[in-house]
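> need coordinates for the below:
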Amino acid sequence: MNIECEKEKTIYRNEVNGKALYSIGLSHKKQDGNWENGYMTCRFPKDTDLKDKTKIKLIQAWLDFYTKDKKTTTYIFINKYEIVSEAKEEVPQNTKSEYDNIKSDIQLTDEDLPF
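Numbers count the residues shown, from 1 in each chain. The predicted structure follows:
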């Protein structure tokens, strides 16, 4: 079963025992107008290495499955794709404000305080 999609999709990466596992973000609009989000396991060709939250466009993908202990598990196999944008690594922002560098020579005594 082939999958065709014009919209870009977000790929989520999770590391388990040193192995990269991927899922694809899915969404649809419910009757009440709210959006519902879901996720489905996806696989890529060998040696694929995508960052978490990479946005891609599907070029060639299909629904596939594997069985384990008589239980069928489905996933999307993404054979060809185009990277739209890679997630940027979050850099910690400077938490100092512009006032942190101001030195104050004002000293208050107990007599100066109103309480």
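> what's the following helix or strand after the lowest-mean-pLDDT helix or strand in the chain?
Taking mean pLDDT, DSSP states H and E as the measure, strand 2-3 is the helix or strand of the chain with the lowest mean score, a mean of 90. The helix or strand immediately downstream of strand 2-3 is strand 9-16, counting by DSSP states H and E.
> any idea what residue 63 is bridged to?
When bridges are assigned using DSSP bridges, the partners listed for residue 63 are residue 76.
> now do the same contact list for it.
Contacts of residue 63 were listed using CB atoms under 8 Å, 6 or more residues apart in numbering, and they are 1, 3, 74, 75, 76, 77. For every residue, glycine as well, the C-beta is placed using N, CA and C.
> output the below-cut-off pLDDT ranges for the protein.
Applying pLDDT under 70 to the chain flags residues 87-115.
> what residues are up against the most centrally placed residue in the chain?
Residue closest to the mean C-alpha point of the chain, counted by CA atoms, centre = their mean, is residue 53 at 3.2 Å. With contacts defined as CB under 8 Å, 6+ apart, residue 53 is in contact with 10, 11, 12, 13, 87.
> and of those, the nearest to residue 23?
Using CB to CB, residue 12 is the member of those that lies nearest residue 23, at 4.9 Å.
> state the distance from that closest one to residue 76.
Taking CB to CB, to the nearest Å as the criterion, residue 12 is separated from residue 76 by 13 Å.
> more neighbours: which of those two?
When neighbours are counted by other CB atoms under 10 Å, residue 76 comes out ahead of the other of residue 12 and residue 76, with 21 against 16.
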